[in-house]
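Engineer: This is a predicted model, with the sequence first.
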Amino acid sequence: MNIILAGFMGSGKSSVGRILARIMGMEFLDTDKLVAARSGKSIERLFHDDGEVCFRALESDVISSIKGEGKVIAVGGGTLVKEENIRILKEKGLLVHLRVSPQAVASRLAGTSGRPLFDKIGSDMSLLASFMAEREAGYSKADICIETDSLSVLETAEDIAGRFRPSSVDCASTVTVDLQERSYDIIIADRFDDWNKRISATGFKGKLAIITDHNVAPLYLKRIADDLKRSFSVYSIVLNSGEATKTLAEAERVYDILLKHGFDRSSGVLALGGGVIGDLAGFVASTYMRGIAFFQAPTTLLAQVDSSVGGKVAVNHPLAKNLIGAFYQPRLVIAETGFLRTLPMREIRAGLAEVIKYGIIYDTRFFDFLECSSSQILALKPDKIAEIIHKSCSIKASVVSEDEYEAGRRAILNYGHTIGHTLEYIGGYGSIVHGEAVAVGMVAAARLSVLEGFLSYEDELRQNGLIDRLGLPLKYAFGGYDDVLAALSRDKKCVDSVPSFVLAEKIGKVSIVKRVNDGNLREAIDTVLQPSDCI
Ligand code: ADP
Ligand code: ZN
C-alpha cells in the first residue's frame, strides 16, 4: 500500500507527507523533487525554460516509474489535471486529496518564493479561486478528501494515519462453510501467531507442503513455516507468480517434488498466496494420491473474499481458463488481513469488485455499509477490512451451501462475470485484471437489467457510483461488440451457444435470465466499450 497526497499548492502535501511517512514507518517521495532531479533544473527553471507541457510529460514519466509499496508520495498541484495520471496513481495507492481554500492558500504562502504559479496569481483572490475550481474535477477523483484549513500539518498527518488504525479491539472472527462432512472454517484476523495449533485443531497430523510464489515467499513464508514446524514436518515449494503458472505441467512438477520428498496420503498442502496459488495447490491436493488434505492461506483480497470459499480448484488448458479442475473443499482457511498491507493497490481495488458484487446479489444492507465506509475500506482499516471479508465469505458460503456443485442458484455468483470474462479474454488476460473486468461486467449487467425492465435507473446509478468511488473502471475500450459476442458464445456456461445472464432486480437481489433481447444486449455491451479516459 502506498499513500498518495494531492492538493493545490499550499495544501501541505510535502510537509504532511514527510510527517505521515514517519508516523507510518514508510518512505517519503516528492514527485516535484524527482522531476527536478531528472531534469537537472529547479521546477521554476524548468517551467521557465521548457514550459508546462515538458514539465507534465516528465512528471508522468516519473509517476509511472515509481515501483513498490510502503511509500508516501506527494504529487504536484496540477498532477491530477491529467486523467491518465489519476489512473496510474490509483493503481499504485490510496489517493488522498488535501483540500484547502483560496484564503488559506493566500495566507499560508504569502511571503514565500519559488512557486511560479503563486507568484503569478497569488495576489488576486478571484483568479486564485477560479484556478482552483478548474483543478477540482481532478481532485474530486481522490479516494479520500481531507479539509486542511483548520488543521495543522501534524493534525492532518495524524488524521490520515488514524484511518489505518483499527477502531475496536482486533480479534479473530470465523465463518463456517456448511457442507455437511466437508464443512470447514474460515478464520479471519489481522495476524495469527498460532498457525500450528489452528491446523492441528482440524485433526491433521501429517507432513505439510507449503506452496507459495516468488512474491509472497520473501514476505511471509519464513514466519509461517517456522510457526508450522513446531507441530509438523514442513517442506516449502516456491513457484513463479502469475496465471502462466496454473498449468498441468506445473502441477506435474509439484507432484514430482511431493513424491521425491515422501508425501503420502496422510500428507497435506497449504496454499499461501493469491488465487493462482490457491487454484493450483488445490488442484494438486485434490488429485495427488486421489486427494490429500488441503489448507488455504489466501494473501490477496480477491482470494480472501472469493476463491477461498467454495472449493473450486483448477489449472488452465491452452484453450480455456480453469478448464481442468474439481470441487475440492479445504479443511481450514486462514485469512490474515495483515497480508493485504503489502498487496498492490490495483489488486486491492480488484478484490473489492467481488465485494460490491456480494452486496448487489444478496444483501442491500451490506451494500449500504460499503457506500458509507468506502474510504476506510480503501485505507485498509483493519476492522472494516475484517468486516467485509467476514460478510463476503458468509454470503458466498450461504450461496455455496445451498448449491455446492453449481447446479442452479450458485450461478448468481456470476453476476458481472459473463461479460467480464469475455473482456478478460479479448484483452488477452493481463491488460485488465479479473476484478476490473468484473466491475465493467457489472456495469454492463446493470444496464442490461435496466433495459430488460428489471432494475431501476436509480439503483444502476448507485451501483456504478460505488464502483467508481472504489477506483474501479466503468468502461473498457477494447474490441468491439462483435468480438464480445463471439467470445460470449464460447462461455463454458453456455447452453446452445446462448449464455444466461444474472440480472439485478434491485440492490440485494438478482435472478438468472435464460434469454435476453439482442438489441438490449448490444446496447448494454456498447455502453461499456465506449472509449473513456478513466479506464
Ligand atoms: P488473485 O488471483 O487472488 O488476484 P494472484 O495469485 O494472481 O491473485 O496474485 C496477484 C499478485 O499479487 C501476484 O503477483 C502475487 O504474487 C502477488 N501477491 C499475492 N499476495 C500478496 C501479498 N499479500 N503481498 C504482495 N503481493 C502479493
Ligand atoms: Zn470473480
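Structural biologist: Perfect, thanks for sending it. Ligands and ions are numbered 1, 2, ... in the order given.

Engineer: Quick check: phi and psi at Leu323.
Structural biologist: phi -80, psi -30 (degrees, to the nearest 10).

Engineer: That one: neighbour count?
Structural biologist: Leu323: 12 surrounding residues under other CB atoms under 10 Å. For the C-beta atoms, the positions are set from N, CA and C on the backbone; glycine is no exception.

Engineer: go on, Gln103?
Structural biologist: Other residues within reach of Gln103, judged by other CB under 10 Å, total 12.

Engineer: which residues touch it?
Structural biologist: 125, 149 (CB atoms under 8 Å, 6 or more residues apart in numbering).

Engineer: Pull out the buried positions in the helix or strand in which it is found.
Structural biologist: Assigned by DSSP states H and E, Gln103 belongs to helix 102-109. Buried positions in helix 102-109, judged by neighbour count with 16 or more other CB atoms under 10 Å: 102, 104-106, 108-109.

Engineer: cool, stretch 37-44 as well?
Structural biologist: Buried residues in stretch 37-44, counted by 16+ other CB under 10 Å: 39, 41, 43.

Engineer: Name the nearest residue to Arg462, ignoring sequence neighbours.
Structural biologist: In this structure, Arg462 finds its nearest non-sequential neighbour in Ile507, 6.2 Å apart by CB to CB, 6 or more residues apart in numbering.

Engineer: show me what contacts the one you found?
Structural biologist: 359-360, 364, 367, 459, 462-463.

Engineer: Just those: which are in helices?
Structural biologist: Secondary structure from DSSP state H places 359-360, 364, 367, 459, 462-463 of the contacts of Ile507 in helices.

Engineer: domain parsing for the chain?
Structural biologist: What the record gives for the chain is the domain set 2-162, 173-343, 389-534, from automatic domain parsing.

Engineer: Ends of the second one, what's the gap?
Structural biologist: The reference is to domain 173-343. This stretch, domain 173-343, spans 22 Å end to end (CA to CA, to the nearest Å).

Engineer: export the contacts of Ile507 to TSV and tack on pLDDT, neighbour count and distance to ligand 1?
Structural biologist: Formatted as TSV, the contacts of Ile507 follow (pLDDT from 0 to 100; neighbours: other CB atoms under 10 Å; distance: CB to the nearest ligand atom, whole Å):
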residue	pLDDT	neighbour count	distance to ligand 1
Gly359	97	25	20
Ile360	97	30	20
Thr364	96	14	27
Phe367	97	22	22
Asp459	97	21	28
Arg462	98	19	26
Gln463	98	25	22
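
Engineer: nearest to Ala244, of the residues you listed?
Structural biologist: Ile360 (31.8 Å; CB to CB).

Engineer: Just list the residues touching the closest one, thanks.
Structural biologist: 367, 415, 442, 463, 504, 507-508, 510.

Engineer: Close to ligand 1: what parts of the chain are there?
Structural biologist: Proximity of the chain to ligand 1 (CB under 6 Å from any ligand atom) is limited to residues 213, 215-216, 219, 241, 273-277, 299-300, 302-303, 339, 342-343, 347.

Engineer: how about 8 Å then?
Structural biologist: Contact residues, the chain versus ligand 1 (CB under 8 Å from any ligand atom): 69, 213-216, 219-220, 241-243, 273-279, 298-303, 306-307, 339-344, 347, 350-351, 433-435.

Engineer: any idea how far Ser267 is from Leu302?
Structural biologist: Noted for Leu302: a distance of 28 Å to Ser267, by CB to CB, to the nearest Å.

Engineer: Between the two, which has more neighbouring residues?
Structural biologist: A count of neighbours by other CB under 10 Å puts Leu302 above the other of Leu302 and Ser267, at 25 against 22.

Engineer: and the more buried one, that's in a helix?
Structural biologist: Yes: Leu302 forms part of a helix when assessed by DSSP: H, G, I helix; E, B strand; the rest coil.

Engineer: Could you look up the SS state of the residue nearest to it when sequence neighbours are not counted?
Structural biologist: Of all residues not flanking Leu302 in the chain, Gly351 sits nearest, at 4.1 Å (CB to CB, 6+ apart). Following three-state DSSP, we place Gly351 in the helix state.
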